[in-house]
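Undergrad: from the sequence below, what's the structure:
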Amino acid sequence: MKNHYTNLLAPGRALMAAGLAAGMLATACAPEAPIDVWTVSSYENVFRDAVPDSAATDGFELVVARNEGESFQALLRSGEPFTIDTVVFSDLKGGGKRIAAGNLKYNFVEYVYMGENSWGQNPATVIRNGAGDYPDPLSNDGSIEVKAGETQPVWITLRVPKDAEPGLYTGKATIRTSLGKVKVDLAAEVNDVTVPDATEGNFDFMHHQQIAGTWFYNATRGDHPQDVIRQIYGIERWTPEWWALVGDMADKMHDQRANVLFVNSQQLVLDGEGTSFKNGKYDFDFSKFDQYIQFFMDKKAVNKLEGIHMGSVVGEVGKTFKSYILVADSAGVMRSTNVEPMAAECETFFTQFMPALYDHLREKGWLGVWMQHVGDEAVSDLQHKQYDYYMNILKTYAPEMRCGDPTFTLKSGLSAVKQGATITTPIEELYSACKPTFDSLQQAGITVYGYNCCGPGDSWLNRMIDKPVWNQRLLGWLCYKWGLPGWLHWGWNFWVEWNQDKFHSVDDAAFKGDHYSVYPDVKNNRVKASIRTEAIRDMSEEYELLRILGEKDQARALELVERVARNASGDYTRDTKLMLETRNELVRAAAGK
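TA: Just a heads-up that it's a prediction; the model follows:
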């Protein structure tokens, strides 16, 4: 196979690469077993029937910044079945410098079955048409069995230390299999630029989690039958097993740079032992609320908080809201429930809860990072009236609390701002169609984010499993061009159907991957990341690199964006080689090269 170093390095470094390659080829990467091995970038969705082409190489070089995670894939295939037992990394070394092997990790790409493509997609922009197994989950297991005649991707990630010295580092990944060992050469060109931690950076990624509380469903203190974790894992809230799982979730969010925590305020306050309602007066115990949020902050996973909506969507979307509140039943047991907006019990709850929440957030120092949702995707005139009702309460009792919601109509977005919302989050096709309006809102001090969910479809960049994995990644580049400081996607782990009675498989969904980006791993009491969450990490990191470059040379930063994406509706390159080359140029340019 080809010497990949001279192919992937910049022309000015070819002589250095040639010297490096001469030494390394003495112990060539050819497998020591009857297994084909080759590599591809993290821009590729690899199916089980993949075979190497004439340009395939059996090593890979990553061009990276400090404090960045970057991945590639080693692909293995044999005419007989085999087991990959483990992958062992050497240290990466160069010029007397070293990056410890512990900064490298591997995951096996797994597959999910889809009986059809996501609804409403342009067949020309999906990775494959029709039924089959599609790559997405990343296994937590250290070994995997591979069938004869199938290709198994090994997703390899380097997390570059913050203190890594610039330079070229080389090493090996030894993949031990039941048929023998295969080796893959690794190289990392570390550049003199540092990506800020997600909790210290400039990009907010909101990915609605269902961890403590599931959407707007009912619960009592100590009994949460519709919690997603309880339904899938059989674990109740606040137990040691629950905390272990939540710890893994926080770690996954940290690695993904999903730095905004979706907080089910009502249920967390419900779990506080001192929360009660007697004689028309509420007492709110924020102890569990604090414990939960502080856990994620201590993990350095999040730096912003989203409060669950005052108006819930439990009926037909776009018609009416319900009010998500806490009540005491006839036996005095506190529970969460939904009531009609503007009902007496709604007024009683929110006129006491919102000032208590406001004062508590201010006391904790969290008011400035809190974003309160009011009512999701208001459409009807009735919902606009209800939204105004909630906003009046919010502005009366929590006047400095930032608030706002996603919208897919301009009328809804402008109405919310008029009523006092300080944040608006238009769906990407609405933002694209009405960019001057949203630019004006930004100039007036309104925070404007973007979002996608089950839509838009057609050729729009989106995060479905049957879309190219680089779709969401390119949205980070467009966010820089558009001046958007963040992005929202709805479902991080909505693993159960709306009626909450069974697991909602990818194949069950009309929009494949909209409900969740991570997968349950009950056997290991963990969650599985996915190649899509890896792309979200890259989206955030590359946004930060564009900002760093843009502070020195905005014209060059925008030229790089234009090279790969002019808009999100279809005018973007499909050439993954060009994407990788442009990304590598971005890293080097941000480092001043």
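
Undergrad: can you get me a residue count around the closest residue to Thr170 other than its chain neighbours?
TA: Nearest residue to Thr170, sequence neighbours excluded (Cβ to Cβ, 6 or more residues apart in numbering): Ala187, at 4.8 Å. In this view, the C-beta of every residue, glycine as well, is placed from N, C-alpha and C. Using other Cβ atoms under 10 Å, Ala187 has 23 neighbouring residues.

Undergrad: and Ala187, how far from Asp381?
TA: 61 Å (Cβ to Cβ, to the nearest Å).

Undergrad: ok so, going back, quick check: buried residues in whichever strand or helix holds the residue nearest to Thr170?
TA: Using DSSP states H and E, Ala187 sits within strand 180-194. Using 16 or more other Cβ atoms under 10 Å as the test for burial, strand 180-194 gives 182-191, 193-194.

Undergrad: and the residue nearest to Thr170, bridged to which residues?
TA: Glu61, Thr170 (DSSP bridges).

Undergrad: I'd say it and Phe60 touch.
TA: Yes. Using Cβ atoms under 8 Å, Ala187 is in contact with Phe60, at 7.4 Å.

Undergrad: strands of the stretch 201-350 of the chain, residue ranges please.
TA: 204-208, 219-220, 260-263, 276-278, 281-283, 304-307, 311-312, 322-328, 334-339 (DSSP state E, counting those that start in this stretch).

Undergrad: tell me the contacts of Trp215?
TA: 312, 494 (Cβ atoms under 8 Å, 6 or more residues apart in numbering).

Undergrad: pLDDT for the buried residues of strand 180-194 - can I get that in a markdown table?
TA: Shown next, in a markdown table, are the buried residues of strand 180-194 (pLDDT from 0 to 100):
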| residue | pLDDT |
| --- | --- |
| Val182 | 96 |
| Lys183 | 96 |
| Val184 | 98 |
| Asp185 | 98 |
| Leu186 | 97 |
| Ala187 | 98 |
| Ala188 | 98 |
| Glu189 | 98 |
| Val190 | 98 |
| Asn191 | 98 |
| Val193 | 98 |
| Thr194 | 98 |
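
Undergrad: sorry, back to before: any chance of the strands of the stretch 201-350 of the chain in TSV, with mean pLDDT too?
TA: Listed next are the strands of the stretch 201-350 of the chain as TSV, based on pLDDT from 0 to 100:
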stretch	mean pLDDT
strand 204-208	96
strand 219-220	92
strand 260-263	98
strand 276-278	96
strand 281-283	98
strand 304-307	98
strand 311-312	89
strand 322-328	94
strand 334-339	94
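
Undergrad: between these, which one is closest to Val64.
TA: Set against Val64 and scored by Cβ to Cβ, those come closest in strand 204-208, at 20.2 Å.

Undergrad: scan the chain for its longest helix.
TA: helix 531-564 (DSSP state H).

Undergrad: now the helix or strand following that helix against strand 180-194, angle please.
TA: Past helix 531-564, further along toward the C-terminus, the next helix or strand under DSSP H and E is helix 576-590. Angle between the axes of helix 576-590 and strand 180-194 is 40 degrees (criterion: axes from the mean of the first three to the mean of the last three Cα atoms, to 10 degrees).

Undergrad: for helix 576-590, buried residues please.
TA: Result for helix 576-590 [16+ other Cβ under 10 Å]: buried residues 576, 579-590.

Undergrad: Lys93 and Gly171 touch, don't they?
TA: Yes. With contacts counted by Cβ under 8 Å, Lys93 reaches Gly171, the gap being 6.5 Å.

Undergrad: neighbour count for the two, which is higher?
TA: The residue with more neighbours, out of Lys93 and Gly171, is Gly171; 20 against 14, by other Cβ under 10 Å.

Undergrad: so who does the nearest residue to Gly274 once chain neighbours are set aside touch?
TA: Nearest residue to Gly274, sequence neighbours excluded (Cβ to Cβ, 6+ apart): Asp285, at 3.4 Å. Each residue near Asp285 by Cβ under 8 Å, 6+ apart is listed here: 269, 272-275.

Undergrad: so which of these wins on neighbours?
TA: Going by other Cβ under 10 Å, Val269 tops the contacts of Asp285 with 25 neighbours.

Undergrad: tell me who's in contact with that one.
TA: 275, 284-286, 288-289, 326, 353.

Undergrad: in TSV: the residues you listed, plus distance to Phe47.
TA: Listed next are these as TSV, based on distance: Cβ to Cβ, whole Å:
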residue	distance to Phe47
Thr275	51
Phe284	52
Asp285	52
Phe286	49
Lys288	45
Phe289	45
Leu326	49
Phe353	50
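
Undergrad: can you tell me which of the residues you listed is closest to Gly476?
TA: Phe289 (31.6 Å).

Undergrad: how many residues are close by that closest one?
TA: That count, for Phe289 with other Cβ under 10 Å as the rule, works out to 26.

Undergrad: how much space between it and Leu430?
TA: 33 Å.

Undergrad: how about Asn462?
TA: 14 Å.

Undergrad: if you count surrounding residues, which of the two has more?
TA: It is Asn462, of Asn462 and Leu430, that has more neighbours when counted by other Cβ under 10 Å, with 26 against 23.

Undergrad: now that one, what are its backbone angles?
TA: Dihedral pair for Asn462: phi -150, psi -180, per degrees, to the nearest 10.

Undergrad: Phe350 versus the residue lying closest to Phe321 once chain neighbours are set aside, what's the distance?
TA: Closest residue to Phe321 apart from its sequence neighbours, by Cβ to Cβ, 6+ apart: Gly311 at 3.2 Å. Going from Gly311 to Phe350 by Cβ to Cβ gives 10 Å.

Undergrad: what do these two both touch?
TA: Joint contacts of Gly311 and Phe350 (Cβ under 8 Å, 6+ apart) are 323, 390.

Undergrad: these two: which has the busier surroundings?
TA: More crowded of Gly311 and Phe350, by other Cβ under 10 Å: Gly311, with 25 against 21.

Undergrad: isn't the more buried one right up against Ile325?
TA: No. Counting by Cβ under 8 Å, Gly311 does not reach Ile325; the two are 10.7 Å apart.
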